[in-house]
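> Task: produce atomic coordinates for the following.
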Amino acid sequence: MAVTVLVIDAGTSGVRAAVVREDGSFVTDIAREVLPSSPAGGLVEFDAAEYAAAALDVARAALERSGPVDAVGISNQRASTVVWDRATGVPVGPALGWQDLRTVGSCLVLRGDGLKLAPNQSATKLQWLLDAYDPDRSRDLCFGTIDTWLAWALSDGALHVTDASNAAVTGLQPAIDAQGWDERVLDVLRIDPRMLPTIVDTACVVGEARALPGVPPIASMTGDQQASLAGMACVHRGDAKITFGTGGMLDLTLGPTRPAFEHRGEAGTFPIVAWRVGNALTWGVEAIMLAAGTNVQWLRDDLGIIASADESHEVAARCADTGGVVFVPAPLGLGTPAWDYGARAALFGLTRGSGRPEIVRAVLEGIAHRGADLVESAEADAGLRIPVLRVDGGMTDNPTFIQALADATQRPVEISPVREATTLGAALLAALALGAYEGVEDFARTWTPRARVEPGAPLDRDRWHDAVARSLQWIPELSGIDFA
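Numbering: from 1, shown residues only. So this is what the prediction gives:
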């Protein structure tokens with residue numbers, strides 16, 4: 001069954017629309033930048049109406065180039081929060097981005113009530129918006145993450161839905177079963193359940209995109225990391241991928257059984273809903289690197305020792321090794337497994353002979369070491385081994401980095417045929433909803449990596465762990481903050 005899908009990929013810094021065939025080939029791809037603003041330190045917000053308008057514009061432009069499609073799929077940044085008036089469809093205030101930290105204090109206070117919520121989840125962002133724009137809770141408002149907001153815009157207000165993969169990272173669901181909404185959280189935060197969207201399958205026809213030519217059905221909605229997991233065909237137990245963008249996210253597919261831990265495992269990973277199909281959940285675990293490509297940008301924009309991100313490969317290749325230099329990529333702290341927000345980036349082992357190539361290589365190898373940290377943590381919390389690591393994101397174009405990743409993990413690394421697999425995953429899930437596939441397991445036949453890199457001599461993990469230990473608790477007051 002031949003299926004063509006329009007995917008709207010709603011990212012942190014912009015939106016793109018791509019028309020994708022069920023075999024994974026792209027017909028057209030159009031992007032538009034929509035940057036968030038930061039009115040003060042720790043605040044990240046954006047204009048939700050502008051964001052939706054940009055999404056509709058690129059979607060219509062893609063359809064004008066490609067012609068009619070069979071369905072629409074949505075892939076989105078997770079946990080960013082929008083509140084709007086049900087009658088008018090107008091947002092009541094700014095949308096709060098997933099990185100927004102204005103509710104850190106609220107999260108710490110709520111721990112006293114036994115609620116383990118993090119500021120990067122939607123729950124306290126929603127509470128903040130309601131306290132600011134509907135303090136007496138008298139207005140008829142709707143809440144949604146970006147998938148919900150775009151489905152509302154695409155359907156001209158007919159749909160108020162979210163999928164299970166997005167709902168599970170809001171902080172508004174019971175942690176154990178990820179079904180429905182958590183009445184206790186809603187009660188403590190004074191959230192009317194009537195303002196919450198209906199939770200639907202990740203792959204299913206939920207309604208019509210009335211705002212688009214041809215009125216195609218909306219057939220998939222999924223969080224970006226889960227879409228990437230599907231796009232790289234990580235559909236069997238033990239399949240895993242890392243997306244290396246500004247930060248890094250490892251996601252590992254488990255299957256129908258939820259991880260044994262409720263909020264965070266001993267090795268620092270989190271349970272996620274990979275997708276829900278036929279009302280059946282597929283679970284996974286997620287490990288997080290707070291800074292990946294950010295470190296290469298630092299070399300380029302702040303140190304000025306490379307002219308472009310691509311040049312990092314060329315410069316690093318001028319030396320066979322780092323000469324003992326180790327870089328810990330922690331400008332924002334360390335995520336999995338340490339979860340130390342007070343850790344800071346550090347260069348160790350510098351000598352008079354340490355030059356530009358050694359420093360650039362050390363940065364790339366440091367990011368690779370962090371990738372190995374994520375692999376080891378996911379394996380420990382999941383109780384299984386990852387045989388092959390699949391990767392996407394901008395850093396996958398760097399051969400020196402990919403070889404370092406294979407060497408650090410001592411596993412083959414397979415590179416996605418498309419740089420951003422999120423779009424492909426949303427397309428496959430929509431095609432599944434239309435019957436082009438019998439189940440997500442069939443996505444495996446679509447996987448054709450751009451390249452496979454075998455591991456060589458292992459990187460020195462003992463020296464790496466020593467360097468990490470020295471970088472921890474650099475800012476003790478931040479190191480003491482923990483939301484798990």
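> and stretch 330-348, which residues are buried?
330, 332-348 (16 or more other CB atoms under 10 Å). No exception for glycine: its C-beta is placed from N, CA and C like everyone else's.
> I should have written stretch 44-61 there, sorry.
Quick answer for stretch 44-61 (16+ other CB under 10 Å): 44-46, 48-49, 51-52, 54-56, 58-60.
> got it, and stretch 24-42?
Judged by neighbour count using 16+ other CB under 10 Å, the buried positions of stretch 24-42 are G24, V27, T28, D29, I30, V34, P36.
> for the record, mean pLDDT for that stretch?
Stretch 24-42 shows a mean pLDDT of 92.
> Which strands or helices does the one helix or strand R60 maps to pack on?
Per DSSP states H and E: R60 is located in helix 48-66. Using 3 or more CB pairs under 8 Å, 6 or more residues apart in numbering; DSSP states H and E, the elements in contact with helix 48-66 are strand 4-10, strand 14-21, strand 26-33, helix 146-154.
> just how off-centre is the last one within its chain?
Its chain's C-alpha centre lies 18 Å from the corresponding centre of helix 146-154 when counted by CA atoms, centre = their mean, to the nearest Å.
> residues in contact with it?
If you take CB atoms under 8 Å, 6 or more residues apart in numbering as the criterion, helix 146-154 is touched by 8, 10, 48, 51-52, 55-56, 59, 72, 74, 76-78, 80, 82, 84, 89, 95, 142, 144, 159-163, 166, 197, 206-207, 209-212, 218, 221-223.
> 7 Å instead, please
Defining contact as CB atoms under 7 Å, 6 or more residues apart in numbering, one finds that helix 146-154 is touched by 8, 10, 48, 52, 55-56, 72, 74, 76-77, 80, 82, 89, 144, 159-163, 166, 197, 206, 209, 211-212, 218, 221.
> The helices and strands packed on helix 48-66: which one's closest to L110?
Minimum separation from L110 across the helices and strands packed on helix 48-66 (CB to CB) falls at helix 146-154, 23.4 Å.
> how about the closest one: buried residues?
So for helix 146-154, counting by 16+ other CB under 10 Å, buried means I146, D147, T148, W149, L150, A151, W152, A153, L154.
> ok, then the element right after that helix?
strand 161-163.
> coming back round to it: make JSON lines out of the buried residues of helix 146-154 and add pLDDT and distance to T253.
Below are the buried residues of helix 146-154 laid out as JSON lines (pLDDT from 0 to 100; distance: CB to CB, whole Å):
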{"residue": "I146", "pLDDT": "98", "distance to T253": "23"}
{"residue": "D147", "pLDDT": "98", "distance to T253": "20"}
{"residue": "T148", "pLDDT": "98", "distance to T253": "25"}
{"residue": "W149", "pLDDT": "98", "distance to T253": "28"}
{"residue": "L150", "pLDDT": "98", "distance to T253": "26"}
{"residue": "A151", "pLDDT": "98", "distance to T253": "25"}
{"residue": "W152", "pLDDT": "98", "distance to T253": "30"}
{"residue": "A153", "pLDDT": "98", "distance to T253": "31"}
{"residue": "L154", "pLDDT": "98", "distance to T253": "29"}
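> Which one of those is nearest to G67?
Nearest to G67 out of the buried residues of helix 146-154 is L154 (CB to CB; 18.4 Å).
> Now V375: which helix or strand?
helix 356-382.
> what about P174, neighbour count?
Counted by other CB atoms under 10 Å, the residues lying close to P174 total 14.
> how near is it to L115?
Going from P174 to L115 by CB to CB, to the nearest Å gives 12 Å.
> rewinding a little: output the helix holding R60 as PDB, nothing but the C-alphas.
C-alpha atoms of helix 48-66 as PDB (Å, rounded to 0.1, in the frame of the first residue of the first chain):
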ATOM      1  CA  ALA A  48       2.200  30.100  20.300                       C
ATOM      2  CA  ALA A  49       0.000  31.800  17.700                       C
ATOM      3  CA  GLU A  50       3.100  32.800  15.700                       C
ATOM      4  CA  TYR A  51       4.400  29.200  16.000                       C
ATOM      5  CA  ALA A  52       1.100  27.700  14.800                       C
ATOM      6  CA  ALA A  53       1.000  30.200  11.900                       C
ATOM      7  CA  ALA A  54       4.500  29.200  10.800                       C
ATOM      8  CA  ALA A  55       3.600  25.500  11.000                       C
ATOM      9  CA  LEU A  56       0.600  26.000   8.800                       C
ATOM     10  CA  ASP A  57       2.600  28.200   6.300                       C
ATOM     11  CA  VAL A  58       5.300  25.600   5.800                       C
ATOM     12  CA  ALA A  59       2.700  22.800   5.600                       C
ATOM     13  CA  ARG A  60       0.800  24.500   2.900                       C
ATOM     14  CA  ALA A  61       4.000  25.400   1.000                       C
ATOM     15  CA  ALA A  62       5.100  21.700   1.100                       C
ATOM     16  CA  LEU A  63       1.700  20.600  -0.200                       C
ATOM     17  CA  GLU A  64       1.800  23.100  -3.000                       C
ATOM     18  CA  ARG A  65       5.100  21.600  -4.100                       C
ATOM     19  CA  SER A  66       4.100  17.900  -3.600                       C
END
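> residues making contact with that helix?
Helix 48-66 is contacted by residues 6, 8, 10, 15-19, 27-28, 30-32, 34, 69, 82, 91, 95, 149-150, 153, 211-213 when judged by CB under 7 Å, 6+ apart.
> now the angle between helix 146-154 and that helix, please.
70 degrees (axes from the mean of the first three to the mean of the last three CA atoms, to 10 degrees).
> What mean pLDDT does helix 48-66 get?
In the prediction, helix 48-66 has an average pLDDT of 98.
> Check stretch 318-331 too.
For stretch 318-331, mean pLDDT rounds to 97.
> Figure out the length between the terminal residues of it.
Terminal residues of stretch 318-331 are spaced 26 Å apart (CA to CA, to the nearest Å).
> Check stretch 266-285 too.
The first residue of stretch 266-285 is 12 Å away from its last residue (CA to CA).
> Pull out the buried positions in it.
Residues 267-277, 281-285 are the ones in stretch 266-285 that count as buried (16+ other CB under 10 Å).
> do stretch 243-259 as well
Neighbour counts over stretch 243-259 (16+ other CB under 10 Å) mark 243-254, 258-259 as buried.
> what does stretch 178-193 give?
Neighbour-count burial for stretch 178-193 [16+ other CB under 10 Å]: A178, W181, D182, V185, L186, V188, L189, I191.
> Mind picking the one among those that's closest to L424?
Distances from L424 to those, taken by CB to CB, are shortest for A178, at 24.9 Å.
> What distance do you get for that closest one to L281?
Here A178 is placed at a distance of 6 Å from L281 (CB to CB).
> so what's in contact with the two at the same time?
The contact sets of A178 and L281 overlap at A164, V273 (CB under 7 Å, 6+ apart).
> what are the phi and psi angles of the spatially closest residue to I481 that is not a sequence neighbour?
For I481, ignoring the flanking residues on the chain, the nearest one in space by CB to CB, 6 or more residues apart in numbering is Y341 at 5.4 Å. Note on Y341: backbone dihedrals following degrees, to the nearest 10 are phi -70, psi -10.
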